[in-house]
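Undergrad: how does the following fold in three dimensions:
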Amino acid sequence: MKPRLLFATTNPGKVKELRGLVGDAVEVVSLKDLPPIPEPVEDGETFEANAAKKARAYAEASGLPSLADDSGLCVDALGGRPGVHSARYAEGDDRARYQKLLGELGGLPEERRTASFQCALCLAMPGGEARIEVGRCEGRILTGPRGSHGFGYDPVFFIPALGKTMAELTPEEKAGVSHRGQAFRKMRPALLALQAGS
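TA: This is a model prediction of the structure:
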């Protein structure tokens, strides 16, 4: 029988991404597959702190190895904001959030619009053992949106090395360069070790 891994998300896209990474080695379940578990408050000051808090809480509540991520956009000219508050940066939808960002950066020249997407991924065991991996994708903020893929700040996050915004990439291209994809790949050996019971 395959070991089960709880991915502490209700986002089907993230679950699909993780299932693609670990293949058939581990049965990945999401929060939607389990009875309701109280959601921990994300009050950490870093992505790592929030990911660890979520992973540990879900591991204890479910009795399953649990994986949780926290990620966001860090803009250099804004002192790293919106950072851990990326999802709560503005009232409304994704467009409202990136429009607020563009407003804050209004008038800044291209060379001062540098930013990075950052992700912390934590794998926690019911007994308390935990491992954290991080990923980072460098880019800059455009003056307007481009592309129709992705979500969040993807339409305004430009990757100079590819000449595209995150929202102009195919899902495969995005997984290859994204902060979350990097963190997932670093965590893969630990996820596969679950199969061996180690």
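
Undergrad: find the nearest non-adjacent residue to Ala25, please.
TA: Once flanking residues are discounted, Ala25 sits nearest to Gln195: 4.4 Å by Cβ to Cβ, 6 or more residues apart in numbering. (Each C-beta comes from the backbone N, C-alpha and C, glycine too.)

Undergrad: tell me the secondary structure of the one you found, please.
TA: At Gln195 the chain is in helix, as set by DSSP: H, G, I helix; E, B strand; the rest coil.

Undergrad: that one: neighbour count?
TA: Using other Cβ atoms under 10 Å, Gln195 has 15 other residues around it.

Undergrad: kindly state the pLDDT recorded for it?
TA: For Gln195, the pLDDT comes out at 74.

Undergrad: OK, contacts around it?
TA: Neighbour list for Gln195: 2-3, 25-26 [criterion: Cβ atoms under 8 Å, 6 or more residues apart in numbering].

Undergrad: next one: Leu142
TA: Per Cβ under 8 Å, 6+ apart, neighbours of Leu142: 113, 156-158, 165.

Undergrad: one more: Gly150?
TA: Counted by Cβ under 8 Å, 6+ apart, Gly150 has contacts 166-167, 169, 174.

Undergrad: among those, which one has the most neighbours?
TA: Top of the contacts of Gly150 by neighbour count (other Cβ under 10 Å): Met166, with 27 neighbours.

Undergrad: list the contacts of the closest residue to that one other than its chain neighbours.
TA: Using Cβ to Cβ, 6+ apart and skipping the chain neighbours, the partner closest in space to Met166 is Asp154 (3.8 Å). By Cβ under 8 Å, 6+ apart, the contact list for Asp154 reads 147, 165-167.

Undergrad: next up, phi/psi of Asp154, please.
TA: Reported as degrees, to the nearest 10, the phi and psi values for Asp154 are phi -50, psi -40.

Undergrad: tell me which stretches of this structure form strands.
TA: 4-7, 27-30, 66-75, 114-124, 130-141, 157-159, 164-165 (DSSP state E).

Undergrad: can you name every helix or strand that the third one contacts?
TA: Which is strand 66-75. If you count contacts as 3 or more Cβ pairs under 8 Å, 6 or more residues apart in numbering; DSSP states H and E, strand 66-75 packs onto strand 4-7, helix 47-62, strand 114-124, helix 179-196.
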